[in-house]
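[1] any chance you can model this:
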Amino acid sequence: MKKILIIEDDDFLLGLESKKINSSGYEVIFAQTGEDAMNKILEKDISIILLDLLLPNYDGFEILKKIRETEATKSIPVIIFSNLAEVKDRDKALALGATEVLIKSNFSLEEVIEHINKLVK
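    This next block holds a predicted model:
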């Protein structure tokens with residue numbers, strides 16, 4: 001079973017995302033703070049990371065930078081799933097190595113699963 005790390009601090013959204021992704025055949029692990037995320041990105045066999053940009057401790061940009069600088073994690077696809085919708089935020093995330101940037105208000109969880117499926121194949 002493919003393992004997905006969800007980095008999301010909103011309990012409600014985390015619950016919805018976890019349930020939908022799990023029911024789509026993936027094992028879900030999660031982190032709710034930047035500090036917790038920094039520890040969990042080093043777990044073995046993570047297939048993809050779903051990353052919010054607004055987090056306590058570290059922001060998602062810092063986490064993304066760390067993922068791309070770490071040999072063991074630099075090739076893991078990272079989907080930014082955030083409410084930061086400004087072009088400058090999108091461009092910064094892509095420049096730091098995000099695989100895709102999805103704005104929460106523009107995508108259903110079914111569409112997010114479609115993006116995950118394409119990247120994990």
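
[2] please count neighbours and contacts with C-alpha atoms only from this point.
    Noted.

[3] mind jotting down where the strands sit in the chain?
    3-7, 27-31, 46-51, 78-82, 100-103 (DSSP state E).

[4] contact partners of the worst-scoring helix or strand of the chain on mean pLDDT?
    When the helices and strands of the chain are scored by mean pLDDT, DSSP states H and E, helix 34-40 comes last with a mean of 87. Helix 34-40 is contacted from outside by 5, 7, 30-31, 55-60, 63, 66, using Cα atoms under 8 Å, 6 or more residues apart in numbering.

[5] can you select the buried ones from those residues in ChimeraX?
    Selection of buried members from these for ChimeraX, criterion 16 or more other Cα atoms under 10 Å:
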select :5,7,30,31,55,58,59,60,63,66
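
[6] same list, the contacts of helix 34-40, but as TSV with distance to residue 100 and pLDDT please.
    Shown next, in TSV, are these (distance: Cα to Cα, whole Å; pLDDT from 0 to 100):
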residue	distance to residue 100	pLDDT
5	15	96
7	15	96
30	19	95
31	20	94
55	18	87
56	22	82
57	23	81
58	20	83
59	17	88
60	14	92
63	15	94
66	17	93
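
[7] between the contacts of helix 34-40, which is nearest residue 107?
    Closest to residue 107 out of these is residue 7 (17.2 Å), distances taken as Cα to Cα.

[8] across the sheet, point out what pairs with that closest one.
    Using DSSP bridges, the beta-bridge partners of residue 7 come out as residue 31, residue 51.

[9] average model confidence for stretch 93-111?
    Stretch 93-111 shows a mean pLDDT of 95 in the predicted model.

[10] can you give me every residue that contacts residue 6?
    14, 18, 28-31, 49-51.

[11] can you pull up the most central residue in the chain?
    residue 50 (1.6 Å; Cα atoms, centre = their mean).

[12] am I right that that one is in contact with residue 80?
    Yes - using Cα atoms under 8 Å, residue 50 is in contact with residue 80, at 6.0 Å.

[13] many thanks, we can stop here.
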